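Colleague: my questions concern the predicted model and sequence given below.
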Amino acid sequence: MKFVDEFRQPELITKAAQEIRRLADPQRHYRLMEVCGGHTHAIYRFGLRDLLPENIELIHGPGCPVCVLPMGRIDDGLSMTERPDVIFTAFGDMMRVPGTHGSPLEYKARGADIRIVYSPSDALKLAQANPDRHVMFFAIGFETTAPSTALTLMRARKLGLHNFSVFCNHVTIIPAIRAILDSPDMRLDAFIGPGHVSTVIGCRPYEWIARHEGKPIVVSGFEPLDMLESIVMLLRQLKDGRAEVENQYKRVVPWEGNRAALKAMADAFRLRPYFEWRGMGFISQSALRISDSYAEFDAEQRFSVPGIRVTDPKAAQCGEVLKGVLKPAQCKLFGKECTPETPVGALMVSSEGSCAAYYNYEHRKQLIGV
Amino acid sequence: MCLAIPGRIVELLPEHENLALVEVGGVRRKIDVGLLTEDPAQAGDWVLIHVGFAMSKISEKEAADQMRILAVLGEDEAAMQEIEGYG
């Protein structure tokens, strides 16, 4: 109960933890997957596992956008920096992600014009300010960030810009969950649904998980109490033999999602027939491309993108960790060749990656003998 | 990137139809409110911000809770860096 003093409402936390123990059948082993990387980070930070009985296992899901991007896409994006007029822009999270010939940061050190932006609209402004250069925005993220890219594309068209493009790597969460459920080495009992992705897509897209797969799913907030309450809700469903979509995060997530955001995405993007995910292989209809009406801003059409495929380093087991088959520390490279300072796999780069979260909160504790 | 940053809309700006001035932890920056067209943003509203765009309206209490969560997760500095980075 390391971080319990920092929790607000400690009496409610204790109550929820007691309720979890009461509901959990000691004869049963529960495998619950938190889909979102933000939840993974919070679970480690709050030491939530210490509040749960041994037979409740939390499996970390694929909801970290930096982590699921295959190395080939990073190489493809970086290949555009060979053109001297190109300014490569990306979120800070991307900067340390290793490509075959180095990370964006290392490319920058070698002279490529690579800049961090905090918003796609800042990449657009950079294009306006540099009319003799071409600004390419390396777009990543699930449905939380895709609508912002969509609005930026609309704005670029409205402004009539000719020196701006987007290298689109947006992915969608539902097909990833489907791929995990279809994976033969995966056995899950229920899902903790993502919080902020659901502000956009709402709760309806999860209904098939309950209806057709028979798995409960509860959309959850990020407070320790939120996550414990969500686990209570999941255990109640499992106890009653129900499988439903429930919304624990009603104060932020509307059941229908954000219709304006969904509309913007529908206008600017089309589903790709398939897309490669790091460690998970090709997943059909799991990513977005730029729709034909915005083709002039599609970096993949403007530049000849090599379409590089790179297999993950053999020793790194990112795929198994991403699917929740292995725990971070069970990977052969964990804490040895692969650390947050020298990441081999992307799960060690982002604070939302389960390897970085595990390393920063659990592994360091063990190293200093706490 | 999963975690949103809470802010308060100070005013809507005339530069383009979706631009607003937002305040986060004493820092004022421009953000886009074009994803809130179903329930348009007004001065004084609290919103959750993702990569420079307001994603949803929230209560003042929820905003305070979200800021505290960011602090406890050690993401508050990164969040402020993001806000300050908006051009």
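Modeller: Perfect, I can see it now.
Colleague: which one's the longest helix in chain A?
Modeller: Counting residues, the longest helix in chain A under DSSP state H turns out to be helix A:224-240.
Colleague: could I get the full set of strands for chain A?
Modeller: Secondary structure of chain A (DSSP state E): strands at A:30-36, A:56-63, A:86-90, A:114-116, A:134-141, A:164-170, A:190-193, A:217-219, A:245-247, A:269-271, A:274-277, A:281-284, A:288-290.
Colleague: ignore what I typed, I meant chain B.
Modeller: Using DSSP E, strands in chain B cover B:5-12, B:19-24, B:27-32, B:46-50, B:53-58.
Colleague: residue A:312 - nearest residue in space that isn't next to it in sequence?
Modeller: Leaving aside its sequence neighbours, residue A:312 sits nearest to residue A:318 (C-beta to C-beta, 6 or more residues apart in numbering or on different chains; 5.6 Å). No exception for glycine: its C-beta is placed from N, CA and C like everyone else's.
Colleague: doesn't residue A:66 make contact with that neighbour?
Modeller: No. Using C-beta atoms under 8 Å, residue A:318 makes no contact with residue A:66, being 11.6 Å away.
Colleague: list residues touching both of these two?
Modeller: Applying C-beta atoms under 8 Å, 6 or more residues apart in numbering or on different chains, one finds that residue A:318 and residue A:66 are jointly contacted by residue A:346.
Colleague: compare these two (neighbour count), which wins?
Modeller: With other C-beta atoms under 10 Å in any protein chain shown as the criterion, residue A:318 and residue A:66 differ in neighbour count, and residue A:318 comes out ahead with 29 against 25.
Colleague: list the contacts for the more buried one?
Modeller: The neighbours of residue A:318, taking C-beta under 8 Å, 6+ apart as the test, are A:67, A:278, A:279, A:312, A:331, A:345, A:346, A:347.
Colleague: and it, how far is that from chain B?
Modeller: Distance, residue A:318 to chain B, by C-beta to the nearest C-beta, to the nearest Å: 18 Å.
Colleague: again, but for residue A:153
Modeller: Distance of residue A:153 to chain B, computed by C-beta to the nearest C-beta: 12 Å.
Colleague: what number of residues lie near residue 15?
Modeller: No chain was given, so I picked chain A. Neighbour count for residue A:15, taken as other C-beta under 10 Å: 15.
Colleague: the chain in question should be chain B.
Modeller: Using other C-beta under 10 Å, residue B:15 has 8 other residues around it.
Colleague: could you find the closest non-adjacent residue to it?
Modeller: residue B:30 (7.9 Å).
Colleague: test my guess that the one you found contacts residue B:21.
Modeller: Yes. In this structure, residue B:30 is within contact of residue B:21 by C-beta under 8 Å, at 6.0 Å.
Colleague: does residue A:190 touch residue A:220 like I think?
Modeller: No. Using C-beta under 8 Å, residue A:190 is not in contact with residue A:220; the gap is 11.5 Å.
Colleague: so for chain B, which of the strands of chain A sits nearest?
Modeller: strand A:30-36 (5.3 Å; C-beta to the nearest C-beta).
Colleague: for the closest one, which strands pair with it and how are they oriented?
Modeller: strand A:56-63 (parallel), strand A:190-193 (parallel) (DSSP bridges).
Colleague: ok, and what's touching the longest one?
Modeller: Just to be clear, that refers to strand A:56-63. If you take C-beta under 8 Å, 6+ apart as the criterion, strand A:56-63 is touched by A:20, A:24, A:29-40, A:43, A:48-49, A:52, A:68, A:142, A:173, A:176-177, A:180, A:188, A:191, A:194, A:197, A:231, A:277, A:280, A:321-324, A:328, A:352, A:354, A:357, B:2.
Colleague: higher neighbour count, residue A:190 and residue A:220?
Modeller: Between residue A:190 and residue A:220, counting by other C-beta under 10 Å, residue A:220 is the more crowded of the two (30 against 24).
Colleague: pLDDT score assigned to the more buried one?
Modeller: Per-residue pLDDT puts residue A:220 at 97.
Colleague: swap in residue A:156?
Modeller: Residue A:156 carries a pLDDT value of 98.
Colleague: and it, what does it touch?
Modeller: With contact set as C-beta under 8 Å, 6+ apart, residue A:156 has these partners: A:124, A:127, A:164, A:294, A:297.
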